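Undergrad: Okay, structure incoming, though there's no sequence with it:
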């Protein structure tokens, strides 16, 4: 099941308090960038964030998941996307711990 436009629209609204958020399509799903750093993935109607120390601290009960069935990259699934304040706090806290964007040749 791929991500619906409605889910993506709702998620965009939930993150609207943050400057520097952008969504980019990726193979039928989406990447979320925060000030040009890859911060999260939207796959199959799920918000998945990188398991940075801050994300693990703010989401202590979150389950690890992957973008695809059998995928090796383990990410934290954010189940409570209704909490706008938590999402903003999460992205802000994760920012310094996210890897720098790769330079393109």
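TA: Looks like it came in fine. These figures come from a predicted structure and were not determined experimentally.

Undergrad: what residues are up against the residue most central in space within the chain?
TA: The residue lying closest to the centre of the chain (CA atoms, centre = their mean) is residue 40, at 2.3 Å. Each residue near residue 40 by CB atoms under 8 Å, 6 or more residues apart in numbering is listed here: 31-32, 47-50, 78, 91. Using the backbone N, CA and C atoms, a C-beta is placed for each residue, glycine as well.

Undergrad: part of a strand, is it?
TA: Yes - counting by DSSP: H, G, I helix; E, B strand; the rest coil, residue 40 falls inside a strand.

Undergrad: Of the contacts of residue 40, which pair is most distant in space?
TA: The most widely separated members of the contacts of residue 40, counting by CB to CB, are 31 and 78 (14.8 Å).

Undergrad: who has more neighbours, those two?
TA: residue 78 (21 against 16; other CB atoms under 10 Å).
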